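*Asks:* Structure for this input, please:
(2 chains)
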Amino acid sequence: SAVISQKPSRDICQRGTSLTIQCQVDSQVTMMFWYRQQPGQSLTLIATANQGSEATYESGFVIDKFPISRPNLTFSTLTVSNMSPEDSSIYLCSVAKDRGRWTEAFFGQGTRLTVV
Amino acid sequence: SQQGEEDPQALSIQEGENATMNCSYKTSINNLQWYRQNSGRGLVHLILIRSNEREKHSGRLRVTLDTSKKSSSLLITASRAADTASYFCATASFRDDKIIFGKGTRLHILP
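*Replies:* Numbers count the residues shown, from 1 in each chain, chains lettered A, B, ... in the order given. Predicted coordinates for the structure are as follows:
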């Protein structure tokens, strides 16, 4: 298993500002992902955080808006830049242990972001 | 992008009854997983079924997978109030190295 600590757990931010969300895992993991969950909706994959290289973004998400860092195998950050009310969502960090041998994914408790 | 479509979107049943949720997906997969989410926060992994399996059980959960129809079902037997939550299917592709979630079913167990 993997225990994920995600910070902050919630925040209220002014439009036009940026927020950086941290994801810390208690063990080394191969795969780290960032998801967005808008109110009442399912999880949408934003990007795969790659250690030592640029993140791989899904369609509709760009690096300028959601820059991601992953300096090592246990830590990643997601920044939500130049926020607008439409960015109000829960942002979830997820990890999986092995590439190409999928079992379950583990999730942090999420960051509830409100943009006013 | 989202892979799966859950059916129904919402389900209310009496405590003690069985709840069945369905999931359809579009592309080839290596496995399919079901997750539960309480109160819009972290997800809990329930069960995983591999593409070469047809049925799997875990406690009160029963999952089926039909790869020819690209569909799966989750059955919760003898439902309890604590089962009230949102349930999501998620598909994993080794080729794509990611997990894609369906839209989810909101289950409400009535006392």
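*Asks:* Quick check, central residue of chain A?
*Replies:* Nearest to the geometric centre of chain A sits residue A:34, at 3.0 Å (Cα atoms, centre = their mean).
*Asks:* Surely that residue is in a strand?
*Replies:* Yes. Remark: residue A:34 belongs to a strand, assigned using DSSP: H, G, I helix; E, B strand; the rest coil.
*Asks:* For it, give me its contacts.
*Replies:* Taking Cβ atoms under 8 Å, 6 or more residues apart in numbering or on different chains, we find residue A:34 in contact with A:23, A:45-47, A:49, A:66, A:68, A:76, A:78, A:91-94. C-betas here are computed from N, CA, C, even on glycine.
*Asks:* three-state assignment of the nearest residue to residue A:97 once chain neighbours are set aside?
*Replies:* Residue nearest to residue A:97 in three dimensions, not counting chain neighbours: residue A:29, with 5.7 Å by Cβ to Cβ, 6 or more residues apart in numbering or on different chains. When classified by three-state DSSP, residue A:29 comes out as coil.
*Asks:* Need the per-residue pLDDT for residue A:29.
*Replies:* At residue A:29, the pLDDT value in this model is 87.
*Asks:* didn't it look like it was pressed against residue A:94?
*Replies:* No. Using Cβ atoms under 8 Å, residue A:29 is not in contact with residue A:94; the gap is 9.7 Å.
*Asks:* Please identify which of the two sits among more neighbours.
*Replies:* Per other Cβ atoms under 10 Å in any protein chain shown, whichever of residue A:29 and residue A:94 has more neighbours is residue A:94, with 26 against 21.
*Asks:* hang on, that one packs against residue A:104?
*Replies:* No. Counting by Cβ under 8 Å, residue A:94 does not reach residue A:104; the two are 10.1 Å apart.
*Asks:* re earlier: any idea how far the residue nearest to residue A:97 lies from residue A:105?
*Replies:* 10 Å (Cβ to Cβ, to the nearest Å).
*Asks:* which one is residue B:60 nearest to, not counting chain neighbours?
*Replies:* Leaving out its chain neighbours, residue B:60 is closest to residue B:77 (Cβ to Cβ, 6+ apart), at 4.8 Å.
*Asks:* My error: substitute residue A:8 in the last question.
*Replies:* Using Cβ to Cβ, 6+ apart, the closest residue to residue A:8 is residue A:111 (6.0 Å).
*Asks:* Can you confirm whether the lowest-mean-pLDDT helix or strand in chain A lies near chain B?
*Replies:* Ranked by mean pLDDT, DSSP states H and E, the weakest helix or strand in chain A is strand A:106-107, scoring a mean of 88. Yes. Judged by Cβ under 8 Å from any Cβ of the partner chain, strand A:106-107 comes into contact with chain B through A:106-107.
*Asks:* Parallel or antiparallel, list what pairs with that strand.
*Replies:* strand A:89-96 (antiparallel) (DSSP bridges).
*Asks:* Let's see the strand it pairs with as CSV, backbone CA atoms only.
*Replies:* Backbone C-alpha positions of strand A:89-96 (Å, rounded to 0.1, in the frame of the first residue of the first chain) are rendered in CSV as follows:
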residue,chain,number,x,y,z
SER,A,89,-12.7,21.7,-7.7
ILE,A,90,-11.2,19.0,-5.7
TYR,A,91,-7.7,18.1,-6.9
LEU,A,92,-6.5,14.6,-6.1
CYS,A,93,-3.0,13.1,-6.2
SER,A,94,-2.9,9.4,-7.1
VAL,A,95,0.0,6.9,-7.2
ALA,A,96,0.5,3.4,-8.5
